[in-house]
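Peer 1: Fold the following.
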Amino acid sequence: GGMGASAVVGEPVLFNPASYYGHSEAEFGMAWCAGLSSEFYRAYHEVIPRDPGFADRVRLYALYHMLNHLHLFGGRYHRRVYGLLVDLAGEEGREALRMSKEKSETELREERMNMKVPGWKQKGKYKKKNKLSMGRM
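Peer 2: Down below sits the predicted model:
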């Protein structure tokens, strides 16, 4: 965030240099790394009350950012991402995740090789392309 002074009122103001237009709850997607106090949440929800389903949507917003962190920073986010996926999946989804976890590494590798992923094609088989050549056909 940032801080400055209002030229009109002459009082300090806080601003977010990475702002965007979206649902107010999306802000909570990064709250897991902000260390906000319970007093902050109480005051926030006095101004913007929680809508039904708030807790599920906040976990979904957090999943987006944790997937990004997993991609950028690696395995230390794996357990948190997996936990959120299990939590969001519901009972049927949990069973499917449990069953997929039981597959052998060989089965998973074979499935990945047979997937049709854009940018991974070579002679009818799918193979990861060089990053530099991605998008250039």
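Peer 1: buried set for stretch 58-73?
Peer 2: 58-59, 61-63, 65-66, 69-70 (16 or more other C-beta atoms under 10 Å). C-beta: built from backbone N, CA, C; applies to glycine.
Peer 1: distance between it and the chain's centre?
Peer 2: Distance of stretch 58-73 from the chain centroid (C-alpha atoms, centre = their mean, to the nearest Å) equals 2 Å.
Peer 1: Quick one: the helices in this structure, in order.
Peer 2: Ranges of helices within the chain are 38-47, 54-73, 78-101, 105-114, based on DSSP state H.
Peer 1: Would you reformat those as a markdown table and include mean pLDDT?
Peer 2: What follows is the helices of the chain, written out as a markdown table (pLDDT from 0 to 100):
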| stretch | mean pLDDT |
| --- | --- |
| helix 38-47 | 93 |
| helix 54-73 | 91 |
| helix 78-101 | 80 |
| helix 105-114 | 68 |
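Peer 1: Name the stretch among these that sits most buried.
Peer 2: helix 54-73 (a mean of 15; mean count of other C-beta atoms under 10 Å).
Peer 1: any chance of the helices of the chain in TSV, with distance to His23 too?
Peer 2: TSV is the format used below for those (distance: least, C-beta to C-beta, whole Å):
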stretch	distance to His23
helix 38-47	14
helix 54-73	8
helix 78-101	17
helix 105-114	34
